[in-house]
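Colleague: Need a 3D model of the sequence below.
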Amino acid sequence: MEDVFADGEGEKIYKTQSGVSNLVVVHSTGIYSHHVSWCQCPGAEKDRHLHLLKAKLFPASITRPHSAFTFDVLDNFLIDALECKTSAMSFYQKLRHFTNNAFPDKIPDCYRELMRVSRIWRDLVNRIRFGFRHQTDRSPGPGDLALYCPACPQPGINLPPSWKDSYDAWLVMQRYVMDGNFTAQHMKMKTPEDNVSLADGKGYMVTKEPYQNHITESVEEREKSSCSNHRAVNAANVQRSNLRATGVGGTACARHGCFVPHAVVNFQKGEWQMNMDYSICNTVKYSSGGIGSALIIYDVACQWSIHFHERVDWSYHLSLPQSIEILPAIGKFHLSTHKLLCFPRFSLNFITGAGHIDGEILETLWAPFNKISPTVRSMTLPHRKEVLDDHMRDSNWKKLIGIGNDTQGPYEELTKSLDSANVQEWKKAAELAAQGHGALLDIYQLKMDQAPTMAEIRLQLTENEMSTNDRSGSVAWLIEGINIENAQDALRASIRQLPEHPTASQRTVIEEKRQKLMSQINKFNRTAMVMTNGIKLEEGEGVPQDDPELCLEETNGPNFPSIEDPEEDSILDLEGEVDSPAEVAEVWMPSWAATDTVMDDVIVALCQELELRKGQANDCLEKLHQALGDRSVKIHSNKSIHHQGTRSKKELLQITLSINKQARGYCRSRAAMQHLGADSDTLALYQPLKAQDLVVSKEVTEENRHSQGSNRLTWFWRINNAEDSQKNQWMNEFYRVNWLKAKARYDHWSEELKLVQHEMFWTVSWFGTQEATWRSRADKSIKDGHKAYAEKQASMWAKFSAEGLKNFQGKLIGTS
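Modeller: Model prediction:
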């Protein structure tokens with residue numbers, strides 16, 4: 001087959017003369033060898049590579065081209081590399097099989113040519129896409145062949161001219177996350193002097209020479225982390241003699257995950273501070289334009305930030321924008337591995353302007369890079385940088401084209417239930433901490449030096465017990481009945497705590513308690529006949545069963561009381577007795593009787609008992625507050641309680657038994673209120689109590705845990721008796737920590753809403769700036785091809801802008 005290439009601009013094709021040669025053409029459908037006659041027409045180009053380029057064939061060499069690649073196959077290779085992480089060898093092998101699946105080895109080997117040509121093609125495409133074919137008067141500078149985030153505030157690009165007066169400082173704060181990737185390694189080259197760079201420092205990787213000068217002149221102190229055994233710090237001392245780079249470190253915007261141009265560095269011997277310092281200094285200078293603060297999220301920010309400004313001042317190669325404030329923080333996932341003191345000082349939950357982010361988005365960006373790491377590991381240094389730049393550019397592009405597409409309740413509820421003076425004091429402390437940072441943020445940490453002893457807790461619980469009222473009258477009688485119910489509950493709890501085979505002494509103690517209690521019940525029931533004018537109240541539903549979930553840690557199972565059908569050999573049975581044992585005997589009260597009897601004949605006693613049951617419920621909830629708060633603080637003061645002796649475990653067990661007792665008492669009082677005909681408002685206030693509500697506060701026991709974005713205290717912490725609980729020092733501290741964290745969550749969700757609304761405006765403005773830039777290039781273009789390309793690009797950005805306005809309609813705001 002013979003292909004003749006003539007001048008595309010001429011209408012007449014002249015006959016070819018001498019100059020026939022063989023040409024290997026690599027296309028997306030296969031690899032072909034052709035005899036080519038080169039055009040010798042008058043006025044035709046003398047350089048053969050220009051003939052090939054006009055035919056959309058990219059020559060492998062300029063002087064005597066023997067192979068060429070179609071534009072189509074080069075585009076396919078770059079897309080395959082980005083989407084499928086295909087190496088050049090695999091791609092070329094695929095083309096060989098397309099051409100001759102039976103004998104692929106017979107196909108000419110143009111693998112090296114593909115490697116070289118694809119690099120040149122990638123660089124040319126990038127220069128065209130970023131407008132440098134239209135700006136022949138200057139070459140790309142650092143980061144000029146890189147995309148960045150359209151939604152992040154960038155003065156002069158997507159912020160209005162009066163942005164300093166229009167926006168709060170926290171709203172336009174820069175937010176970055178930096179991290180290292182130890183998978184992206186690079187081997188030492190045998191002849192590094194042969195390396196030729198096409199775009200050194202033009203993308204996301206930093207320029208080689210200034211960075212190497214910084215590394216050479218910097219002194220890294222080999223220090224172990226003073227916080228936790230962090231891999232990022234301790235790995236800095238690891239050396240691998242066969243590697244030129246042990247990984248890479250980079251920075252991305254913390255909210256949208258876009259890599260920052262000219263800020264990705266190579267590691268020489270691990271993730272050293274001098275590596276990350278260079279990255280972050282380049283980052284905060286990129287499109288900062290007078291922004292006064294930068295939030296830097298780093299896995300080991302507690303260690304890195306200690307001497308950061310000192311290292312910057314010492315180095316000739318590091319600098320920061322004037323008067324910028326660096327706010328160090330730690331991502332929420334990594335923060336849980338730090339010591340507890342790091343939580344209030346470096347948690348994103350307590351930094352004004354952080355919004356609702358986790359600070360771990362860069363971890364997700366490294367995942368695709370790990371797939372190409374084996375491929376780039378043995379490339380030349382410039383080639384590796386170009387491939388990494390290309391994948392970071394593609395990652396940002398995907399973010400760009402896809403970017404256009406309740407905590408107030410808990411906070412307000414808790415605020416209303418607390419003492420207003422304390423709330424105002426805590427609010428001032430929170431505002432001061434937001435301004436000063438550092439140690440002032442320790443307000444979010446529990447400030448208890450030592451948990452109360454078991455004797456102190458027992459004293460508190462004893463003082464809170466309701467004493468028996470021996471006054472005559474119906475009120476004293478009802479109070480006595482409620483006390484008898486409590487005594488029955490205590491007796492049932494004692495029976496559940498007996499061993500499977502109790503001793504004679506243990507059984508005797510139980511029998512004596514039963515007899516004493518039964519005597520009280522009989523006396524009470526005789527009084528009931530008088531108080532109700534002879535009406536019997538035993539026709540009711542009987543004793544309610546104890547919820548097994550509210551009896552945890554009280555029994556191993558065999559002695560759990562069965563009220564309806566006790567076993568013959570159960571400890572509940574009394575030998576020789578026909579009536580029910582005392583712990584399950586009926587107590588004749590209005591709430592036990594049939595509803596119609598109560599409503600018709602015992603109206604006064606019913607109303608009195610309903611009010612008393614409300615008081616009983618309030619008392620039980622107050623004691624629940626105290627016991628749960630004590631348990632939270634106790635666990636906080638001794639996180640390794642399961643490693644301690646029996647004394648500590650016994651103290652926790654006693655608190656748990658108290659929690660169960662008060663929970664059962666509350667459930668009995670609420671059931672009585674229902675039976676007494678309490679209205680819907682009363683039952684809405686006194687909600688059903690479930691076993692899962694009786695957990696300790698994780699704000700106290702697990703301060704640096706994950707997932708703190710929507711925490712809410714259980715309903716009974718927010719009822720009106722919470723203010724009384726604050727009179728206790730421990731409970732006041734408990735409420736202080738919970739209130740401050742509830743406020744921080746509310747504030748950060750409010751910030752998040754405002755940030756998202758403004759980011760919508762900034763995104764559309766960024767698209768508008770790109771459109772205006774390409775319109776200007778089109779107007780200045782002389783050649784038709786240049787003008788057409790610029791108009792095409794301007795049209796694309798205009799569509800992005802229109803799509804953003806459509807999707808964000810009614811949501812975006814331009815100023816604060």
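
Colleague: what's the closest non-adjacent residue to L624?
Modeller: Leaving aside its sequence neighbours, L624 sits nearest to Q662 (C-beta to C-beta, 6 or more residues apart in numbering; 4.8 Å). For every residue, glycine as well, the C-beta is placed using N, CA and C.

Colleague: Can you give me the neighbour number for that neighbour?
Modeller: 25 (other C-beta atoms under 10 Å).

Colleague: likewise C39?
Modeller: C39, neighbours per other C-beta under 10 Å, totals 21.

Colleague: That one and E45: what is the separation?
Modeller: 8 Å (C-beta to C-beta, to the nearest Å).

Colleague: now the most centrally placed residue in the chain, what's its secondary structure?
Modeller: Nearest residue to the geometric centre of the chain (C-alpha atoms, centre = their mean): D358, 3.2 Å. For D358, the secondary structure call by DSSP: H, G, I helix; E, B strand; the rest coil comes out as coil.

Colleague: do A199 as well
Modeller: A199 - assigned by three-state DSSP - is coil.

Colleague: For it, list the residues it contacts.
Modeller: 123, 126, 140, 145, 385-386, 389 (C-beta atoms under 8 Å, 6 or more residues apart in numbering).

Colleague: Correct me if wrong: N266 contacts F182.
Modeller: No: the pair formed by N266 and F182 falls short of the contact definition of C-beta atoms under 8 Å, at 11.6 Å.

Colleague: Tell me where the model's unsure across the stretch 701-816 of the chain.
Modeller: 701-736, 739, 748, 812, 814-816 (pLDDT under 70).

Colleague: pull the longest helix from the protein.
Modeller: Ranked by residue count, the top helix of the chain under DSSP state H comes out as helix 729-780.

Colleague: what's the following helix or strand after it?
Modeller: For helix 729-780, the succeeding helix or strand toward the C-terminus, using DSSP states H and E, is helix 784-807.

Colleague: So for that next one, what gets flagged as buried?
Modeller: Neighbour counts using 16 or more other C-beta atoms under 10 Å place 786-787, 789-791, 793-794, 797-798, 800-801, 804-805 of helix 784-807 among the buried residues.

Colleague: Stretch 80-87 now?
Modeller: 80-82, 85-87.

Colleague: can you list the contacts of A199 in JSON lines and add pLDDT, neighbour count and distance to A55?
Modeller: Supplementary listing: the contacts of A199 in JSON lines, determined by pLDDT from 0 to 100; neighbours: other C-beta atoms under 10 Å; distance: C-beta to C-beta, whole Å:
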{"residue": "D123", "pLDDT": "93", "neighbour count": "19", "distance to A55": "21"}
{"residue": "N126", "pLDDT": "93", "neighbour count": "22", "distance to A55": "23"}
{"residue": "P140", "pLDDT": "90", "neighbour count": "19", "distance to A55": "28"}
{"residue": "L145", "pLDDT": "93", "neighbour count": "24", "distance to A55": "27"}
{"residue": "K385", "pLDDT": "92", "neighbour count": "29", "distance to A55": "32"}
{"residue": "E386", "pLDDT": "93", "neighbour count": "25", "distance to A55": "26"}
{"residue": "D389", "pLDDT": "93", "neighbour count": "24", "distance to A55": "30"}
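
Colleague: Out of those, which sit inside helices?
Modeller: For these, secondary structure assignment (DSSP H) places 123, 126, 385-386, 389 in helices.

Colleague: what's the farthest-apart pair in the residues you listed?
Modeller: Spatially, the most separated pair among those is N126 and K385, at 12.9 Å (C-beta to C-beta).

Colleague: Give the helix, strand or coil label for I296.
Modeller: Per three-state DSSP, I296 ends up strand.

Colleague: wait, it sits on Y176?
Modeller: Yes: taking contacts as C-beta under 8 Å, I296 lies within contact range of Y176: 5.6 Å.

Colleague: can you list residues touching both of those two?
Modeller: Common neighbours of I296 and Y176, using C-beta under 8 Å, 6+ apart, are I280.

Colleague: Export the contacts of A199 to a markdown table and append columns for distance to V117.
Modeller: Shown next, in a markdown table, are the contacts of A199 (distance: C-beta to C-beta, whole Å):
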| residue | distance to V117 |
| --- | --- |
| D123 | 11 |
| N126 | 15 |
| P140 | 21 |
| L145 | 19 |
| K385 | 18 |
| E386 | 13 |
| D389 | 18 |
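
Colleague: ok, Y211 to D277 distance?
Modeller: Here Y211 is placed at a distance of 11 Å from D277 (C-beta to C-beta).

Colleague: now do H51
Modeller: 52 Å.

Colleague: before we move on, what about D72?
Modeller: 45 Å.

Colleague: Which neighbours do N126 and K385 have in common?
Modeller: 199, 203.

Colleague: how many neighbours does D109 have?
Modeller: By other C-beta under 10 Å, 12 other residues sit near D109.

Colleague: err, P104, not the other one
Modeller: 15.

Colleague: show me the contacts for it.
Modeller: By C-beta under 8 Å, 6+ apart, the contact set of P104 is 93, 96-97.

Colleague: For those residues, which entry has the maximal number of neighbours?
Modeller: Neighbour max across these (other C-beta under 10 Å) = R96, 20 neighbours.

Colleague: Then that one would be within a strand, right?
Modeller: No: read with three-state DSSP, R96 is helix and lies in no strand.
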